[in-house]
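A.B. asks: need the 3D shape of this:
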Amino acid sequence: MSLLYFPGCTLKNKARNFDASTLEVFSALGVELAELERWNCCGTVFSMADDDLMLQLAPLRNLLRAEQQGGGELLVPCSMCYNTLRRAQRFAAADPERLGRIRDFMYDEPSAYRGDVEVRHPLAYLRDRVGLERVKQAVERPLGGLRLGAYYGCLLLRPSELAVDDPARPRVMEDLIAALGAEPVEFGQRAECCGAYQTLSWRAVTLRRTYEILGSACAAGARALLTSCPLCAYNLDQMQREAVKSYPDLCAMPVLYFTELMVIAMGLGWKPEWSALHEVDPQPVLDAAGA
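C.D. replies: Predicted coordinates:
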C-alpha cells in the first residue's frame, strides 16, 4: 500500500529524525510513503483573515500537486503543517467563489485545484486505518511500563473541526503509548501552548511555558514526553538548557517524536545521529526497551 507524504521543511532539516522514523515505522507496518513531488513550504501558519487569499496559495499548491499525483489522501506528520494544510483545504471548500479566485492565482498550473485531497495526520491514520492492534503486534521491545506523557499542544486539537481526537479528552497518543508497552500519563498542561514563536520575540514567555509544561508532566509521574510538532520539540527540549538558568528546579526529561518511540518499541534500530538532535539524552527511553 502506498500513501502520499508531505514532510515539510523542518523534517528535512532540524527534525530529520521525525522524517526518518516516520518512513521506517510506516514501511514496517506495510504502508509505503511516497514523498510528494515538488512540494513547497506549507505556509507555516494559517492566515486568519477571510479575504487573505494570497497566503492560501502555498498550502493549496501542495494540495493541488497531491491531486495531480492521484492522491486522495496526504499524510502530514508535522503538527503545524497538518493544521495549515487541513485548514486551507476547508477554507477553499467552504466558498466556491473564493476557490475560483484562488484558481485564478494559480495561472501557471495545468489543472485547477478541485479540493479532492484529504489531509491526514499519522496518529489518526494509525488509529483508524492501520489499527493500534496491528501496532501492538509489531512491538519487539515492550517499553517495560515506562511512564510517558503525550504532549498535544495547540495544533492537533484546535480548531475542533480538524482535531485528530476529542479536543477536551484526547486519547489517541495515550492509546498509542499503551500499545507500545509503556504507561501513558495524563497531565494538566498536555494541550496547552508551548509558547510557539514567542521564543523569538518574547523568549521569557517560552522559557516559562517550558518550565510549566515539563513541571506538570513531571508532577504527574511522566519521565519523558512525546510530541508531533518540531516547534514544540524545540521549545520543550532544546530550551531546557536555557530554562534551567531561570528555573533551577526545572524537571528535565527527554522529548521524543512519537514515531521515534515507535522505532524503539518495534525494534527497528535507533540511529545514533538522532540522539545528537536532542538536547536531553533519550537514552533512558532506549534503556527501558533494552535497545
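A.B. asks: which residues sit against stretch 264-280?
C.D. replies: If you take Cβ atoms under 8 Å, 6 or more residues apart in numbering as the criterion, stretch 264-280 is touched by 14-17, 20-21, 24-25, 28, 138-143, 180-182, 237-241, 252-256, 260, 262-263, 281-283, 285-286, 289, 291. C-beta here means a position set from N, CA and C on the backbone, and glycine is covered the same way.
A.B. asks: neighbours of A58, just the number please.
C.D. replies: 16 (other Cβ atoms under 10 Å).
A.B. asks: mind listing what it touches?
C.D. replies: Contacts of A58 (Cβ under 8 Å, 6+ apart): N40, C41, C42, G43.
A.B. asks: the host helix or strand of it: which residues count as buried?
C.D. replies: If you go by DSSP states H and E, A58 is part of helix 57-68. Neighbour counts over helix 57-68 (16 or more other Cβ atoms under 10 Å) mark L57, A58, P59, L60, R61, N62, L63, L64, R65, A66, E67 as buried.
A.B. asks: chain center to that helix: distance?
C.D. replies: In terms of Cα atoms, centre = their mean, to the nearest Å, the gap separating the centre of helix 57-68 from the centre of its chain is 20 Å.
A.B. asks: how about the strands in the stretch 151-291 of the chain?
C.D. replies: According to DSSP state E, counting those that start in this stretch, the stretch 151-291 of the chain carries its strands in the segments 183-185, 224-227, 255-257.
A.B. asks: can you redo these as JSON lines with distance to L75 and mean pLDDT?
C.D. replies: Listed next are the strands of the stretch 151-291 of the chain as JSON lines, based on distance: least, Cβ to Cβ, whole Å; pLDDT from 0 to 100:
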{"stretch": "strand 183-185", "distance to L75": "23", "mean pLDDT": "98"}
{"stretch": "strand 224-227", "distance to L75": "17", "mean pLDDT": "98"}
{"stretch": "strand 255-257", "distance to L75": "14", "mean pLDDT": "98"}
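A.B. asks: sorry, back to before: and the contacts of A58, which of them are buried?
C.D. replies: Here, 16+ other Cβ under 10 Å leaves C42, G43 buried among the contacts of A58.
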